[in-house]
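**Student:** Kindly generate the corresponding structure for this input.
(chains A and B)
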Amino acid sequence: MNRHFRSRRAVGIAAASALALTLTACGGNDAGRGGDAAEGAPSPGITDDSVTLGITTPLSGATAGPGTCTVAGIQAYFGAKNAEGGVEFGDGQTRTVEIEALDDGYDPQQAAANYDQLKNDVFAMTAGLGTPTNRAWRDAAIADEVPQVLIMTGDPLFSDTEQSPWQLGFVPIYQNEGEAFGELLAESGEEHKVAILSQNDDYGEGYVEGFKSAVEGADNIEIVEELTYEATDTSVDAQITELANSGADVFFNAMSITPLVISALQKAQQLNWLPSWFLPSNTSSPGAILQPGGAEAFPGIYSVSFAKAPQSPAFAEDEDVQAYLAALKEYGDYQDPPAFPHCQWSWMVGATLDQAFQEMTEPTRENFMEALRSIEGYQAPLMLEGTSVTTTEDNQPAVSTVNVQKYNGQGYDTVESFG
Amino acid sequence: MASSSKTSGPAASASTSSAPSSSALSFKQRPWVRWGAPLLLLVGLAVLPLVMTESTNDTLARIGVFAVAVLGLNVVMGYTGQVSLGQIFFLGLGAYVTAYGVSQEWNIVLVFALTCLIPAVAGLVVALAAARLGGLAIAMVTVALPIVGVPLAKRLSDYTGGSQGLSARFVEAPEGSGLYDDQWQLYIVLVVGGIVFLLTSLLVRGKYGRAFAIVKGNENVASSMGISPYRYKVLAFTIASLIGGVSGFLYMVVVQYTSPETMSFGHSIELLVAMVIGGAGSIVGSILGGAFYVVVPDITNAIDPSLTALLQGALLLAVLFVLPGGLVSLPRAVMRGLRRSTAGRGSAAPPTTPSPTAGSGSATENPETERQGHV
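**Tutor:** Predicted coordinates for the structure are as follows:
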């Protein structure tokens, strides 16, 4: 029995030593660690005929819907470009663009792991959704000098050039949205009393900060009451009742929880309080929120946007929209009509990257960042009239202009003035 | 008993070492194996970070983090039989304490001490109340921890950075060591994690481990033997919380960022799954559980990133179906299969034969305290 046992053990030890030797041989030269490359030498993930982009985004779990869109849009954009032969870069080469997307399930730890896995194979990281999942590897990306650009978060940190030299946010920060509505209101010239209800975190605070900075100094606007709620609250009836008492005729509602917005709309109607109502872009869906909430009862529901809504009849004949919907089906592996605006945003990310690629004169990450930060007033496909991509402004994301829109019973129309 | 033959091992070695076949000692109890195998393991672990690629080192370090977290869960669940769904809360708490301490530029040793202390005290307070309840009621109380923890972390934004979380990049390889950051991180995880594993394996092997086992088996029997189930449940829970806190410290070493998402309830369930998959009530099972927790999302990502949830579910069912005792029972299942195939010789070892995994080292020396496979 002993002999029997020992021979097996000996084989095991031999196998283990062989494995260890192989590993030593493979890893001997610090394999996988990119040292400082020579000046002008190509960065990882780019060759003379292709460039690879990495994405870590939630493809499973509660945020899988928007997350899937962030991949589908850019995949559709570059899928269509690759079918035409590729993108012509500023250095004269024509390259195809490959996308490597990994699922992080909105888990920061997994996002950081995905980044570690991708960083030596991709030229740049892009388009990923989520504030914590992007923050998790922001420091690492700065240390490794890997671009983390045009990502989908309203967190202002990513647009702070000083603190985030290798980062750039894509979508408007929360402040931009609040500010746009505040400006419209201040320009109306009429007396307005405003009630504010905001989520008690950086999301709500960002909206309120932007709104207040816009109405500051406008004599016609008075903020009569300001309340908050917690993201975990199941009801805001008490706050709505209190705000209704304030006699406000405009209600600035920075809320990110879909069911709470619906119940707030209904509660206000029960109380017969019918103010003009502002909602953030992510909780202003006509089908999912405004119709169930009975929003027609109010004199006006306002929100902001910078993307054309592909379902809207107004854009049914639009060339951009048609090309986009066709590519999304064919190359984006997204068969249904896009349910989230992130699909459109991701398509615009593709177009913006395309612009930067055209300006690149060297196949390096440094040069790419320079090119990316020099885009001014580019109207990407699917962008609404009056909005554009501008990357040259400090402390602003790539898209910082939004149009205020008013609900028309079915969709939204861009408005020039309040009322 | 195995322990008695073990103590006689070194004394007998002088006379028997030259004549191996005549010895009554099994291979595993030979002194040179008993000391050599752990030494070999130690040398292997010391060399490992130097020869691996950066991404392998990162993966190994993350496995270490979650192996420690699963080990904590094993103390309270695998060994003491009390269902805890709150382990991720203590990991998150440890991570937040570390991040806050680092942002205040406290001494790192003090930070580490606090990462042990604060989660342990929190665990003690919860356990004092929860352990009075029986059975699943404890599970219900512990469910509340991550559910309360997430909004709390968002609310206490002065300390936690709110929903934007805290970054702390404090682990850099010392100047002149010639190490890369990832190697240095892995060393820290190996040393801290190794000490936690060693202490825990000593704990569950000694008199506390036996007391935990009796509390798990039958509380009335425990009481009749003068072992207070309440006190030992509190003790197990506190130790589990402390280990959870340590895993939070390691989490910050490796991931360097924490946010309320870190302690979301889903991860608590995933830790529980990892423990069962690895092997409940087993030291080696904790390492396997940590590996499962970390590697499976990477594997499913490599197969098809849009089907990760589905593939993980399928894999979970497959493992539980094939190996109900968890991955740790794999060598034993294989041995059983081999023995069956060579049946007829009549010389098969009894089922308690130590598992032949070389990597398990000292942890599997005494299989009798390793009650593998039953939650």
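
**Student:** list the contacts for residue 132?
**Tutor:** Using chain A. Residue A:132 makes contact with A:106, A:108, A:111, B:163-165, B:257, B:259-261 under the criterion Cβ atoms under 8 Å, 6 or more residues apart in numbering or on different chains. For glycine as for every other residue, the C-beta is placed from the backbone atoms N, C-alpha and C.

**Student:** meant chain B, my bad for not saying
**Tutor:** Residue B:132 neighbours (Cβ under 8 Å, 6+ apart): residue B:230.

**Student:** Helix, strand or coil: sort out it for me.
**Tutor:** Reducing the assignment to helix, strand or coil with DSSP: H, G, I helix; E, B strand; the rest coil, the entry for residue B:132 is coil.

**Student:** Can you get me a residue count around the closest residue to residue A:174 other than its chain neighbours?
**Tutor:** Excluding its sequence neighbours, the residue lying closest to residue A:174 (Cβ to Cβ, 6 or more residues apart in numbering or on different chains) is residue A:206, at 2.8 Å. Applying the criterion other Cβ atoms under 10 Å in any protein chain shown, we find 23 residues in the vicinity of residue A:206.

**Student:** gap between residue A:206 and chain B?
**Tutor:** Plainly put, residue A:206 is 11 Å away from chain B if you go by Cβ to the nearest Cβ, to the nearest Å.

**Student:** same for the helix or strand hosting that residue, what does it pack against?
**Tutor:** Applying DSSP states H and E as the criterion places residue A:206 in helix A:202-215. Counting contacts by 3 or more Cβ pairs under 8 Å, 6 or more residues apart in numbering or on different chains; DSSP states H and E, helix A:202-215 is packed against helix A:174-187, strand A:192-199, strand A:221-229, strand A:250-254.

**Student:** Residue A:113: neighbour count?
**Tutor:** Quick note: residue A:113 (other Cβ under 10 Å) scores 26 neighbours.

**Student:** Does it touch residue B:61 like I think?
**Tutor:** No - with contact defined as Cβ atoms under 8 Å, residue A:113 does not reach residue B:61; the gap is 10.2 Å.

**Student:** wait, does stretch B:59-67 make contact with chain A?
**Tutor:** Yes - applying Cβ under 8 Å from any Cβ of the partner chain, one finds stretch B:59-67 touching chain A at B:59, B:62.

**Student:** If you average the pLDDT over that stretch, what comes out?
**Tutor:** This predicted structure assigns stretch B:59-67 an average pLDDT of 93.

**Student:** can you pull out the strands in the stretch 1-150 of chain A?
**Tutor:** For the stretch 1-150 of chain A, strands defined by DSSP state E, counting those that start in this stretch occupy the ranges A:50-57, A:87-88, A:94-103, A:124-126, A:148-151.

**Student:** now swap in the stretch 51-200 of chain B and tell me
**Tutor:** Using DSSP E, counting those that start in this stretch, strands in the stretch 51-200 of chain B cover B:166-167.

**Student:** for chain A, what are the nearby residues on it?
**Tutor:** With the criterion set to Cβ under 8 Å from any Cβ, the stretch 51-200 of chain B comes near chain A through B:51-56, B:58-59, B:62, B:151, B:154-155, B:157, B:162-165, B:167, B:169, B:180.

**Student:** Separate out the buried members of those residues.
**Tutor:** Of the members of those, the ones counted as buried by neighbours, 16 or more other Cβ atoms under 10 Å in any protein chain shown, are B:51-56, B:58-59, B:62, B:151, B:154-155, B:162-165, B:167, B:180.

**Student:** Low-confidence regions, the stretch 101-250 of chain A specifically.
**Tutor:** Applying pLDDT under 70 to the stretch 101-250 of chain A flags no residue at all.

**Student:** Can you pull the residues of it lying near chain B?
**Tutor:** For the stretch 101-250 of chain A, the residues in contact with chain B under the definition Cβ under 8 Å from any Cβ are A:101-103, A:105-110, A:112-114, A:116-117, A:120, A:131-133, A:135-140, A:143, A:155, A:157, A:200-203, A:230-232.

**Student:** Return the members of these classed as buried.
**Tutor:** Buried by 16+ other Cβ under 10 Å: A:101-103, A:105-110, A:112-114, A:116-117, A:120, A:131-133, A:135-140, A:155, A:157, A:200-203, A:231, out of those.

**Student:** Count the residues that sit near the residue in the stretch 151-300 of chain B that chain A sits nearest to.
**Tutor:** Of the stretch 151-300 of chain B, the residue with the smallest distance to chain A, taken as Cβ to the nearest Cβ, is residue B:259 at 3.8 Å. Number of residues near residue B:259 (other Cβ under 10 Å) recorded here: 31.

**Student:** Hmm, it is touching residue B:168, no?
**Tutor:** No - counting by Cβ under 8 Å, no contact exists between residue B:259 and residue B:168, whose distance comes to 12.0 Å.

**Student:** Would you mark the buried spots in the helix holding residue A:206?
**Tutor:** Of the residues in helix A:202-215, those buried by neighbour count under the rule 16+ other Cβ under 10 Å are A:202-212, A:214-215.

**Student:** Over to stretch B:271-291?
**Tutor:** Under the neighbour-count rule (16+ other Cβ under 10 Å), stretch B:271-291 has B:271-291 buried.

**Student:** Once you drop chain neighbours, what's closest to the residue of the stretch 101-250 of chain A found nearest chain B?
**Tutor:** Using Cβ to the nearest Cβ, the point where the stretch 101-250 of chain A gets nearest to chain B is residue A:132, with a distance of 3.8 Å. Counting by Cβ to Cβ, 6+ apart, residue B:259 is the residue found nearest to residue A:132 once chain neighbours are left out, at 3.8 Å.

**Student:** who touches stretch A:250-264?
**Tutor:** When contacts are defined by Cβ under 8 Å, 6+ apart, stretch A:250-264 is touched by residues A:174, A:178, A:181, A:185, A:192-199, A:203-204, A:206-208, A:211, A:229, A:231, A:233-237, A:240, A:243, A:268, A:275-280, A:282-283, A:288-289, A:292-293.

**Student:** Which PyMOL command selects the buried ones in these?
**Tutor:** Taking 16+ other Cβ under 10 Å as the burial criterion, the selection of buried members of the contacts of stretch A:250-264 in PyMOL is written as:
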select buried, chain A and resi 174+178+181+185+192+193+194+195+196+197+198+199+203+204+206+207+208+211+229+231+233+236+237+240+243+268+275+276+277+278+279+280+282+283+289+292+293
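
**Student:** hang on, residue A:373 packs against residue A:391?
**Tutor:** Yes - counting by Cβ under 8 Å, a contact exists between residue A:373 and residue A:391, whose distance comes to 5.1 Å.

**Student:** Wasn't residue B:277 part of a helix?
**Tutor:** Yes - with three-state DSSP as the criterion, residue B:277 is part of a helix.

**Student:** my guess is it meets residue B:312, correct?
**Tutor:** No - under the criterion of Cβ under 8 Å, residue B:277 is not in contact with residue B:312, lying 10.8 Å apart.

**Student:** where does chain B dip in pLDDT?
**Tutor:** B:1-29, B:343-375.

**Student:** same thing but 80
**Tutor:** Across chain B, residues meeting the criterion (pLDDT under 80) sit at B:1-34, B:134-135, B:155, B:162-163, B:171, B:173-177, B:341-375.

**Student:** In it, which residue is most central in space?
**Tutor:** The residue lying closest to the centre of chain B (Cα atoms, centre = their mean) is residue B:71, at 2.3 Å.

**Student:** List the contacts of that one.
**Tutor:** In this structure, residue B:71 makes contact with B:196-197, B:200, B:243, B:283, B:286, judged by Cβ under 8 Å, 6+ apart.
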